[in-house]
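Novice: coords please:
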Amino acid sequence: MKFLKMIVTSLLALGGLRSGQAQHHDPNWSAERILIDKQCLEKDSLTNLLHNMGTFEGHIRNFFMTTTNHAGFPDYYALGIGGGLGYYSPVVKGFQLGMSGFIIYNVASSPLAPAPPFANRYEVGLFDLTNPDNHEDLDRLEDLYLRYYYNSKNKSYFQVGKFHLKTPLINLQDGRMRPNLQEGVWGEWNEWNKVKLKAGWIWRSSPRSTIRWYHIGESLVYPNGRAVNGNKATYSNHTQSEGIAIANLGLKPTKQFDYQLWNYYVASLFNMALNKIEFRQQSGSRLWMAGVQYFWQQSLNNDTLAIEKQYITVQEQSHTVSARISVSNSRQDEWSLNYTRITQHGRFLFPREWGIEPFYTFLQRERNEGAGNVHASSVQHTRHLDKGKHWEVMAAGGMYWMPSVIDARLNKYAMPSYFQLNARSRYRFQGFLTGLNLEVLYSYKGNLVKGLETQPGYYHNKVDMHHLSVVLDYYF
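Specialist: Prediction:
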């Protein structure tokens, strides 16, 4: 997009002004621009404030991903590299402006477009899954918002525009080149120690693995899976929703107790409520935590469209409970035991385009969204290998009992029962290389159902597969 490239170029020019390196020798540099540069010397000018007190941020990301499947099924790999630049102004009279953009290139990859009966699932997400053959024109305007702080301490604010948003269900899910982004209005009230409030209205979204901005109803662009009648779902171009209303109440009456109530009202589709309670207790050098989450979803759909064209069917609902017990010590060596139950009432549905599910049993590279009648359990261990907490390792394993792959009513994506093993290492460099972060993730998913090897739709890229991701980030 030419507009984005103009923004990045402009930001680089502003960066030059900030460091006192205005390129007056450039023949295209206008007399007006030179005059503004001289005015920067005035300490009380707005221009000086924006240039010398604003924040410029850069990010370079290199992501290698590869998947090895069962013998006879295709394997995949991809290497993406990208860079972005952002400018965040100082707070002036309570107002702040933020803007950023990012550009991605497909350096090398196996063919990523679907080749029936096989389809790539992970690597294509590094780029634009709506156009897998697009290797170069992968740029996106990301942040572009105006924020207003209510008081001088900059705790509470209201903002409008395009921005990153992190909530339990609508979140960044940044396990690819770029995260999810939202457009709308958002406010946070943090004036009180024991009570926090958040609320907003989202009317557009730019999902991870895409480069466009979509209205909410149009943003369901990921693979549709199956309708409840077993036919291929085709709701992507038939879903209508004016937006998403989000509200959050956070209570922390004591140091040990934390309660969160979230509600997501997706106009014309569904309402999802999340209650979350966590209790922490210090015992010597150990910190114990017990937590439970309850999700309740109710369809708001009144469409008379064919079942295949409905994201959620009329009167469909789901109930989900997720629980955790964990213990950590002073070195932040943490163990957790987790369990999740999605009942038989219906499928847990929340568009994968908007974020990852916050179940305690969630492990990277797989989800239980789109399924009902699920039992999931996992154990996780996280440890920091140095006192500065620059090097972190994590190991996790889980068992996931799914409904039958032929039960379309409760298994939208025909995912068989499986077990999963994850190993992850993160290292943050110091000294001269401060800002450089390395992350390596290995994942194996094994099959718990016999006789599926000859059916790619139930097997390929789902079970009996090895996956490796290597991510190198540099922030400056």
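Novice: Strand partners (parallel or antiparallel) of the strand or helix carrying V440?
Specialist: Assignment of secondary structure by DSSP states H and E places V440 within strand 436-447. Each strand that strand 436-447 pairs with, and the sense of that pairing, follows from DSSP bridges: strand 418-428 (antiparallel), strand 465-475 (antiparallel).
Novice: Which one, of the ones you listed, ends up nearest to K412?
Specialist: Closest of the strands paired with strand 436-447 to K412 is strand 418-428, at 15.6 Å (criterion: C-beta to C-beta). To be clear about C-beta, it is placed using only N, CA and C from the backbone, and glycine gets the same treatment.
Novice: pLDDT below threshold where in the protein?
Specialist: Within the chain, the segments meeting pLDDT under 70 span 1-51, 152.
Novice: where do the helices sit along it?
Specialist: 2-18, 31-39, 46-53, 456-459 (DSSP state H).
Novice: For Y474, the count of nearby residues, please.
Specialist: Residue neighbour count, defined by other C-beta atoms under 10 Å, stands at 16 for Y474.
Novice: mind listing what the residue lying closest to it once chain neighbours are set aside touches?
Specialist: Of all residues not flanking Y474 in the chain, I60 sits nearest, at 4.5 Å (C-beta to C-beta, 6 or more residues apart in numbering). For I60, the contacting residues are 81-83, 473-474, 476, taking C-beta atoms under 8 Å, 6 or more residues apart in numbering as the criterion.
Novice: chain center to stretch 223-232, what's the gap?
Specialist: 24 Å (C-alpha atoms, centre = their mean, to the nearest Å).
Novice: Buried residues in it, which are they?
Specialist: Neighbour-count burial for stretch 223-232 flags 224-228 (criterion: 16 or more other C-beta atoms under 10 Å).
Novice: Also stretch 60-69?
Specialist: Of the residues in stretch 60-69, 61-69 count as buried by neighbour count, 16+ other C-beta under 10 Å.
Novice: just stretch 343-361 next, same as before
Specialist: Applying 16+ other C-beta under 10 Å to stretch 343-361 flags 345-361 as buried.
Novice: try stretch 76-90
Specialist: 76, 78-89.
Novice: Serialize those to CSV and add fields for distance to T55.
Specialist: Rendered in CSV, the data for the buried residues of stretch 76-90 read as follows (distance: C-beta to C-beta, whole Å):
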residue, distance to T55
Y76, 38
A78, 32
L79, 30
G80, 26
I81, 24
G82, 20
G83, 17
G84, 14
L85, 11
G86, 8
Y87, 7
Y88, 5
S89, 8
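Novice: Would you map out the domains in this structure?
Specialist: Described in terms of automatic domain parsing, the domain architecture of the chain consists of the residue ranges 1-53, 54-475.
Novice: still on that earlier bit, which of the buried residues of stretch 223-232 lies closest to G446?
Specialist: Using C-beta to C-beta, G225 comes nearest to G446 of the buried residues of stretch 223-232, at 22.0 Å.
Novice: Could you pull up the residues touching the closest one?
Specialist: Going by C-beta under 8 Å, 6+ apart, G225 touches 233, 370, 412-414.
Novice: What of W186?
Specialist: W186 makes contact with 158-160, 163, 165, 198-200, according to C-beta under 8 Å, 6+ apart.
Novice: Now, of these, which are buried?
Specialist: Buried by 16+ other C-beta under 10 Å: 158-160, 163, 165, 198-200, out of the contacts of W186.
Novice: separation between the residue nearest to V470 when sequence neighbours are not counted and P132?
Specialist: Among residues not flanking V470 along the chain, F64 sits closest, at 4.5 Å (C-beta to C-beta, 6+ apart). Between F64 and P132 the computed distance is 18 Å (C-beta to C-beta, to the nearest Å).
Novice: thinking again about what came up before, redo the buried residues of stretch 223-232 as JSON lines? Include distance to M399.
Specialist: Listed next are the buried residues of stretch 223-232 as JSON lines, based on distance: C-beta to C-beta, whole Å:
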{"residue": "N224", "distance to M399": "28"}
{"residue": "G225", "distance to M399": "23"}
{"residue": "R226", "distance to M399": "24"}
{"residue": "A227", "distance to M399": "28"}
{"residue": "V228", "distance to M399": "26"}
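Novice: So E142 sits against G98, correct?
Specialist: No - applying C-beta atoms under 8 Å, one finds E142 not in contact with G98, separated by 9.5 Å.
Novice: any common contacting residues for the two?
Specialist: Listed contacts common to E142 and G98 are G86; contacts here mean C-beta under 8 Å, 6+ apart.
Novice: which residues sit in contact with the closest residue to G175 other than its chain neighbours?
Specialist: Spatially, and ignoring its direct neighbours in sequence, G175 is nearest to Q364 (6.1 Å; C-beta to C-beta, 6+ apart). Taking C-beta under 8 Å, 6+ apart as the definition of contact, the neighbours of Q364 are 175, 422, 424, 441, 443.
Novice: can you rerun that using 10 Å?
Specialist: Contact partners of Q364, counting by C-beta atoms under 10 Å, 6 or more residues apart in numbering, are 173, 175, 356, 394, 396, 420, 422, 424, 441, 443, 467, 469.
Novice: now the third one, nearest residue through space, not along the chain?
Specialist: In this case it means I356. On the basis of C-beta to C-beta, 6+ apart, the spatially nearest residue to I356 that is not a chain neighbour turns out to be Q173, at 4.4 Å.
Novice: Settle this for me: the one you found is touching Y222, isn't it.
Specialist: No - using C-beta atoms under 10 Å, Q173 makes no contact with Y222, being 11.5 Å away.
Novice: neighbour count winner among the two?
Specialist: With other C-beta under 10 Å as the criterion, Q173 and Y222 differ in neighbour count, and Q173 comes out ahead with 21 against 17.
Novice: Tell me the spacing between the more buried one and K252.
Specialist: Noted for Q173: a distance of 26 Å to K252, by C-beta to C-beta.
Novice: ok, the closest residue to N120 other than its chain neighbours - contacts?
Specialist: Taking C-beta to C-beta, 6+ apart as the measure, N120 lies nearest to L112, with 4.9 Å between them; neighbours along the chain are not counted. Listed by C-beta under 10 Å, 6+ apart, the contact set of L112 reads 76-78, 106, 119-120, 122-129, 132-135.
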